[in-house]
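Peer 1: coords below, sequence missing:
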């Protein structure tokens, strides 16, 4: 047994420490709040719309059961519920308030940096806490995940805070801090059930006070009993009143009970690697672990709270081991291990801070200036900080690039706006990057044109004819896939059965994938060498017949490309005229039968623009049989001014039509 002695370290850091942490937090804010509304209204992350819809369903139906999320950890769902209830406008989709969720989530990611710094300060040295906060701030992986409106930032904050409060309450014998640790770990569990793997530590640490003979054992026992009572009430609610046992019915639930098995050491080690590698390369981890080995040196051991650093290591191990019961998690599950990464970062920073103490000892012993230990500590810390800053330059550059990238517009918003105003309703197939681009609930689509996703599959999975039989009207493929088709005769033959509508080539000015949008039906009649009318070229047409009776009609579709948009909107006219110029039929309309795509928006020379179906009916009596000419052109509705070709013509020939009394209209 030992006698409890009040620690010499203050319970909270001094002002100078907070000032240094404030500078780190300011950098974190710049990196994380920048681009918080990235990609909206397209919702990039698969989980964000799920939580958002679950919150909306609670409002509409009183439960998220229609989505299968009635047993999901309620924290993130309830947050969405509150924000939707308070801020969503009835005329907008639930995803319209997602930017608020993201701002709250980013704020908790900033608070996590503070909590990690405090935990590092408590178990290590003031420098160790600042190093932990700095490492967490400039990790590109964490900068990326910090902006998502998911549970990760919340559970990491509350879990790290719970351990900090438990370690502090244990070390300073403060019951109020221990009660707060229980509340914090309960909040962590509410956001993600995996936090329960850290709960035994939060409970066990206060019990170590029994080791000291001069502490009030009755008070310790009372505190532990009340902690247990609070937890018991919480778990009665969680297990008996809240349907947490139905969590596996949630879509894409990451921990199915069917995978439960006792993990082998190899599986646990592989899962350690899932979070270790993204946080730092192997060399920084080796350096940090080597510093921890210095704890066997007594002078250094007095600088570190051994119980606290052991608790941080056990928290990381417990989290990863607990998840390992579900097998090899794989790199895609790195988000599930972020909280474990926070504890590992604290351990690593403790090892790095140990090097500062070692350098200070060397400076004190071998300096010709006979530097005092206090100044030697500053010098040793400076050496470590400078070396770490140099080592973090690649991470800092990557984090800044990540922040900038999130300020860029997302191609999928351009695609959604273009398709809504341009395409006719239909079904499409694509890669996973576009599976929800046109989904109002899951993708933030605000358009009115119905475009249904069929499947995630490459173009070559089926023939074009088979795709058509499956109901596909459009395909969205990468521009590299499109270019590869152009390079082979077989690929070109496939493209001849389709029509390239628009391409979004790779660009550093945009987020999101590069894309080529194809219609699975070609132009029936392509035309070449037809003079442009102003900037507009006729590139082809479809027509149902070229011979009609004197009282018949003809239905056709026109295809255009435009070198540049027109200054004012133009309408299109289609006339059926004879050699003498006599007009026997006419049909005028907006070029695309969609007022949202006037000629003033035809700004992509490589885009193929498709009209609606024009039906031209002969409206003259006693028509002479013979050949007539279907011509098309553009005019301003307000002045009648027409677009002209370079040779001053105001129309182009589409197709010659034969009017023949012998042709029976009943045959059409």
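Peer 2: Okay, I see it. It should be emphasised that the depicted structure is a prediction, and the values quoted were computed from it without experimental measurement. Numbers count the residues shown, from 1 in each chain.
Peer 1: where in the protein is the helix or strand with the lowest mean pLDDT?
Peer 2: Lowest by mean pLDDT, DSSP states H and E among the helices and strands of the chain is helix 298-301, with a mean of 68.
Peer 1: so residue 112 is in contact with residue 160, correct?
Peer 2: Yes. Proximity of residue 112 to residue 160 meets the contact threshold set by C-beta atoms under 8 Å, at 6.3 Å. (C-beta placed from N, C-alpha, C; glycine too.)
Peer 1: can you work out which residues contact both of those two?
Peer 2: residue 342 (C-beta atoms under 8 Å, 6 or more residues apart in numbering).
Peer 1: not counting sequence-adjacent ones, nearest residue to residue 190?
Peer 2: residue 75 (4.2 Å; C-beta to C-beta, 6 or more residues apart in numbering).
Peer 1: tell me the mean pLDDT over the lengthiest helix in the chain?
Peer 2: Ranked by residue count under DSSP state H, the longest helix found in the chain is helix 338-366. When pLDDT is averaged over helix 338-366, the result is 82.
Peer 1: ok, stretch 146-157 next?
Peer 2: 95.
Peer 1: who touches that stretch?
Peer 2: 31-32, 35-36, 38, 45, 47-48, 51-52, 73, 75-76, 80, 98, 101-102, 104-106, 108-109, 111-112, 115, 145, 187-188, 191-192, 194-195, 335, 338-339, 342, 406.
Peer 1: buried members of the residues you listed into PyMOL, please.
Peer 2: Provided next is the PyMOL selection string for whichever of these are buried by 16 or more other C-beta atoms under 10 Å:
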select buried, resi 31+32+35+36+38+45+47+48+51+52+73+75+76+80+98+101+102+105+106+108+109+111+112+115+145+187+188+191+192+194+195+335+338+339+342+406
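Peer 1: counting by contacts, list what the host helix or strand of residue 121 packs against.
Peer 2: In the assignment (DSSP states H and E), residue 121 maps to helix 98-123. Applying 3 or more C-beta pairs under 8 Å, 6 or more residues apart in numbering; DSSP states H and E, one finds that helix 98-123 makes contact with helix 15-33, helix 47-61, helix 74-87, helix 126-137, helix 152-172, helix 306-324, helix 338-366.
Peer 1: if you set the cut-off to 6 Å instead, what comes out?
Peer 2: With contacts taken as 3 or more C-beta pairs under 6 Å, 6 or more residues apart in numbering; DSSP states H and E, helix 98-123 sits against helix 15-33, helix 126-137, helix 152-172, helix 306-324, helix 338-366.
Peer 1: between helix 74-87 and that helix, find me the angle.
Peer 2: With axes from the mean of the first three to the mean of the last three C-alpha atoms, to 10 degrees defining the directions, helix 98-123 sits at 140 degrees from helix 74-87.
Peer 1: and the strands in the stretch 551-668 of the chain?
Peer 2: Using DSSP state E, counting those that start in this stretch, the strands found in the stretch 551-668 of the chain span residues 553-562, 571-577, 583-589, 609-610, 614-617, 626-635, 652-659.
Peer 1: using TSV, please lay out the ones you listed together with distance to residue 401 and mean pLDDT.
Peer 2: Below are the strands of the stretch 551-668 of the chain laid out as TSV (distance: least, C-beta to C-beta, whole Å; pLDDT from 0 to 100):
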stretch	distance to residue 401	mean pLDDT
strand 553-562	36	96
strand 571-577	47	96
strand 583-589	48	92
strand 609-610	37	96
strand 614-617	50	94
strand 626-635	46	95
strand 652-659	49	94
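Peer 1: I'd say residue 569 and residue 596 touch.
Peer 2: No. Residue 569 is not in contact with residue 596 according to C-beta atoms under 6 Å; the separation is 11.1 Å.
Peer 1: looking at these two, which is more packed in?
Peer 2: residue 569 (18 against 14; other C-beta atoms under 10 Å).
Peer 1: can you list contacts of stretch 473-485?
Peer 2: Residues outside stretch 473-485 that contact it (C-beta atoms under 6 Å, 6 or more residues apart in numbering): 426-430, 434, 459, 491, 494-495, 503, 505, 514-520.
Peer 1: among those residues, name the buried ones.
Peer 2: By 16+ other C-beta under 10 Å, those give 426-430, 434, 459, 491, 494-495, 503, 514-520 as buried.
Peer 1: restricted to helices, list the residues you listed.
Peer 2: Short answer: the buried ones among the contacts of stretch 473-485 in helices (DSSP H) are 491, 494, 495.
Peer 1: among those, which one sits closest to residue 449?
Peer 2: residue 495 (24.7 Å; C-beta to C-beta).
Peer 1: returning to that earlier point: could you say what helices and strands the longest helix of the chain packs with?
Peer 2: Against helix 338-366 (3+ C-beta pairs under 6 Å, 6+ apart) you get helix 98-123, helix 126-137, helix 152-172, helix 265-279, helix 282-293, helix 306-324, helix 373-391.
Peer 1: which stretches of this protein have low pLDDT?
Peer 2: 1, 5, 252-259, 298-301, 359-380, 663-668 (pLDDT under 70).
Peer 1: quick one, domains of it?
Peer 2: 15-250+263-403, 411-519, 527-667 (automatic domain parsing).
Peer 1: so for the second one, first residue to last residue, what's the gap.
Peer 2: To tie it back to what came earlier, the one meant is domain 411-519. Using C-alpha to C-alpha, to the nearest Å, the gap from the first to the last residue of domain 411-519 comes to 19 Å.
Peer 1: and it, how far out from the chain middle?
Peer 2: Taking C-alpha atoms, centre = their mean, to the nearest Å, one finds the center of domain 411-519 at 20 Å from the center of the full chain.
Peer 1: repeat that for stretch 609-622.
Peer 2: 48 Å.
Peer 1: do the same with stretch 523-539
Peer 2: 41 Å.
Peer 1: now stretch 584-594
Peer 2: 43 Å.
Peer 1: how about stretch 217-228: buried residues?
Peer 2: 220, 223, 224, 227.
Peer 1: distance of the closest residue in space to residue 440 that isn't next to it in sequence from residue 553?
Peer 2: Nearest residue to residue 440, sequence neighbours excluded (C-beta to C-beta, 6+ apart): residue 93, at 5.8 Å. Distance, residue 93 to residue 553, by C-beta to C-beta, to the nearest Å: 42 Å.
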